[in-house]
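In: Got a predicted structure plus its sequence, pasted below:
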Amino acid sequence: MDLGSWKERLPVGEVAAQVNEALDRHSGVVVTAPPGAGKSTLLPLTILESLPDGGKVLMLEPRRLAARQGAERMAQMLGEPVGRTVGYRIRFESRVSAQTRVEVLTEGILTRMLVDDPTLEGVSVVIFDEYHERSLASDVALALTREARNLIRPDLRLVIMSATIDAAGLGATLGVPVVESRGRCFPVETIHVLQDTDVRDIASDVARTVFRAYNEKEGDILAFLPGEAEIRRCQEILGASLGDAAVLPLYGMLPFEQQRQAIAPSGPGERKVVLATPIAETSLTIEGVRVVVDSGYCRKMVFDPQNALSHMETVRVSRDMADQRSGRAGRVAPGTCYRLWSLGTHARMAESRVPEIAEADLAPVVLDVAAWGEGNVASLPWVDAPAPARVRQAAELLTLMGALDADGRITAYGRKLSALPCHPRVA
């Protein structure tokens, strides 16, 4: 495996040796690097280089498209097909073989692997990429992995990676060093569209701003909208107003070939507009993007403890999410970000996103932990421990469903529910 040229071309190559040294001396490392530095592609391969023969690397990605693209990119760097040295596993799809030593997974897959084999036999390093998203699945997987290391796998090493996170605080919590890559980010001009967009007008306001950006700036445009409905409406409004430019949607449930089309580079002399959900905030590389249009909203699952049900709401993004989005415009050259909110609104936005574990329905968490073999959720080494009242409510619901017995242990029926990749109610 010759990665010399890639270490010179990608900024994170400058700290690869430092990361491996930290893994030799400590139980893990926190790595922070700006978008485009190569942390999601080069670092897993340089870590693999340092492992003894047979050692495997698992890397968790928050989204299926990012997992696929990351594995494909690493395989391309090695000059191999996906499924040889580098493969991926996502829900309902797997490209791995007996030769695979780097597996890119979506977060729920690791939890299932831990339930099936708490020792993670053969795995040397587990990488949590884009950890700043703080999804419920990533926090559960990290807590179970740390507990497995504490109890039976002291040789297992952890790598936590992110572009925007309190690295020093996380390093102190985990008791591991922090390695920072400076990267090569280009400056991004920020233009605040002073009239704050209303939730009901997101599609039309984004379409209007995309049209303005298309005529004022060069390069491809990436526009962030909350969900598929707004994307389809915005696409309809734009119609043929941008001439020959392709207007492409990008969201989680879109067929993979259409997702691939959206992230593929434009041809010579061509321009495109990608209308995306937060799926495009992190990990994904969309070649040629020089302009970002940010609606300032996202979809969020909100849990109502009164009825123990969750529903989707459209909410304002936090400042760290807005920064992550604007950074997409500065990956390949100086860029521009049009924000559909005022400076006053920006000052009132939350500084960072709230970890999902602080607000979400914890029934899936309690069931996963019980399936893993731990009856006391609070005893796990959480980065942010779930609220005891929420844990009790989730346990009571699972007991009523027959998934847990009166002592909080998982039942045979509960194991059948936990084996399915969905909420226990749906299972």
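Out: In hand now; what should we look at?
In: host element of residue 231?
Out: In this structure, residue 231 sits in helix 228-238 according to DSSP states H and E.
In: Any buried residues in that helix, and which?
Out: By neighbour count with 16 or more other CB atoms under 10 Å, helix 228-238 contains the buried residues 228, 230, 231, 233, 234, 235, 237, 238. C-beta: built from backbone N, CA, C; applies to glycine.
In: From the chain's centroid, how far away is that helix?
Out: 24 Å (CA atoms, centre = their mean, to the nearest Å).
In: which residue ranges form the strands in the stretch 201-350 of the chain?
Out: 220-224, 246-250, 272-276, 289-294, 297-304, 309-316, 335-339 (DSSP state E, counting those that start in this stretch).
In: Please work out how many residues are found near residue 310.
Out: 17 (other CB atoms under 10 Å).
In: ok, the closest residue to residue 191 other than its chain neighbours - contacts?
Out: Once flanking residues are discounted, residue 191 sits nearest to residue 338: 5.0 Å by CB to CB, 6 or more residues apart in numbering. Counting by CB atoms under 8 Å, 6 or more residues apart in numbering, residue 338 touches 191, 193, 209, 212, 213, 291, 292, 293, 294.
In: 6 Å instead, please
Out: 191, 209, 213, 293 (CB atoms under 6 Å, 6 or more residues apart in numbering).
In: got a list of contacts for stretch 93-108?
Out: With contacts defined as CB under 6 Å, 6+ apart, stretch 93-108 is touched by 44, 48, 56-61, 64, 67, 70-71, 82-90, 137-138, 141.
In: and residue 126, how far is that from residue 17?
Out: Residue 126 sits 20 Å away from residue 17, taking CB to CB, to the nearest Å as the criterion.
In: quick one: average confidence on stretch 27-39?
Out: Mean per-residue pLDDT for stretch 27-39: 87.
In: just stretch 308-325 next, same as before
Out: Rounded mean pLDDT across stretch 308-325 is 89.
In: same deal with stretch 291-302?
Out: Here the average pLDDT along stretch 291-302 is 93.
In: Most neighbours among the contacts of residue 338, which one?
Out: In the contacts of residue 338, the most neighbours by other CB under 10 Å go to residue 293, 31 neighbours.
In: was I right about it contacting residue 223?
Out: Yes. At 4.0 Å, residue 293 and residue 223 qualify as touching, with contact defined as CB atoms under 6 Å.
In: Identify the contacts common to those two.
Out: Contacts common to residue 293 and residue 223, judged by CB under 6 Å, 6+ apart, are 206, 210.
In: what about stretch 226-244, start to end distance?
Out: Stretch 226-244 has its terminal residues 26 Å apart, counting by CA to CA, to the nearest Å.
In: what about it, average pLDDT?
Out: So the average pLDDT for stretch 226-244 ends up being 94.
In: which residues sit against it?
Out: Contacts for stretch 226-244 (CB under 6 Å, 6+ apart): 202-204, 206-207, 211, 214, 225, 247, 249, 251, 275, 277, 297-299, 314.
In: Could you do stretch 161-179 as well?
Out: 15, 18-19, 22, 26, 28-32, 34-35, 39, 129, 131-132, 320, 324, 383.
In: mind redoing it with 8 Å?
Out: 15, 18-19, 22, 26-35, 37, 39-40, 43, 127-132, 146, 158, 160, 180, 282, 320, 323-324, 327, 352, 383.
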